[in-house]
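J.: Predicted coordinates and the sequence they were generated for:
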Amino acid sequence: AAPNVTTGEVPASAGRGVTMEPAWKQAAAAIAAKLGTQPPGAPDAKGNVAEEMMKKMGWNKGGGLGAQGQGMTEALDTRKTGKTTGKIVMGGGKSGTIIKGAPSRCVLLTNMVGPGEVDNMLETEVKQECSKYGHIVKCSILELPAPAPPDQAVRIFLMFDRQEGAMKATIDLDGRFFGGRQIK
């Protein structure tokens, strides 16, 4: 059957009811069937498309992306929210970073280092690493006394000159690994 001139769609089946499918999807499916693979954009039995792309780049399930495995540990996925709308979520349906309250220029980082691990270079390292999100006006490190939980014992406060920098830092750093610890 000939493709529709305006939509590029071709009847997917001749016979029982006619459904329309874009010609490129039909062609991709036919080529994939000959090669014994899935057409582009189709998830296979192993996982979703994003997960397959990550595997091609050297990712292993449970590990993180990046040279030291410090990046994302799960592929992004999509969740339908309405008839024609959706949102991107972390793999497994979990939402990404949740930002509570009104936007601020201040960011609190915890679990970056443990109690007793604060040294003279930490402030410089944090400023250097976080300056890619925006200009840092001030960096303050507070180590709480012993009864505090180890993942909350050291609090690093960053003050950016703009809210956008703080938002970028919050989204990018939440869940990232630093020195074997997951930043919160």
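T.: Noted; the coordinates are in hand.
J.: And stretch 152-170, end to end?
T.: Using C-alpha to C-alpha, to the nearest Å, the end-to-end distance of stretch 152-170 comes to 17 Å.
J.: Give the buried residues for it.
T.: 153-156, 158-160, 165-170 (16 or more other C-beta atoms under 10 Å). Yep, even glycine has a C-beta here, placed from its N, CA and C like the rest.
J.: Next, format the residues you listed as CSV and append secondary structure and pLDDT.
T.: Listed next are the buried residues of stretch 152-170 as CSV, based on DSSP: H, G, I helix; E, B strand; the rest coil; pLDDT from 0 to 100:
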residue, secondary structure, pLDDT
Ala153, coil, 88
Val154, strand, 90
Arg155, strand, 92
Ile156, strand, 92
Leu158, strand, 94
Met159, strand, 95
Phe160, strand, 94
Gly165, helix, 90
Ala166, helix, 90
Met167, helix, 87
Lys168, helix, 87
Ala169, helix, 89
Thr170, helix, 86
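J.: residues in contact with Pro150?
T.: 114-115 (C-beta atoms under 8 Å, 6 or more residues apart in numbering).
J.: tell me which of the buried residues of stretch 152-170 is nearest to Cys106?
T.: Met159 (5.3 Å; C-beta to C-beta).
J.: Mind putting the buried residues of stretch 152-170 into TSV with distance to Phe178?
T.: What follows is the buried residues of stretch 152-170, written out as TSV (distance: C-beta to C-beta, whole Å):
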residue	distance to Phe178
Ala153	15
Val154	11
Arg155	14
Ile156	10
Leu158	14
Met159	19
Phe160	18
Gly165	18
Ala166	18
Met167	19
Lys168	17
Ala169	13
Thr170	15
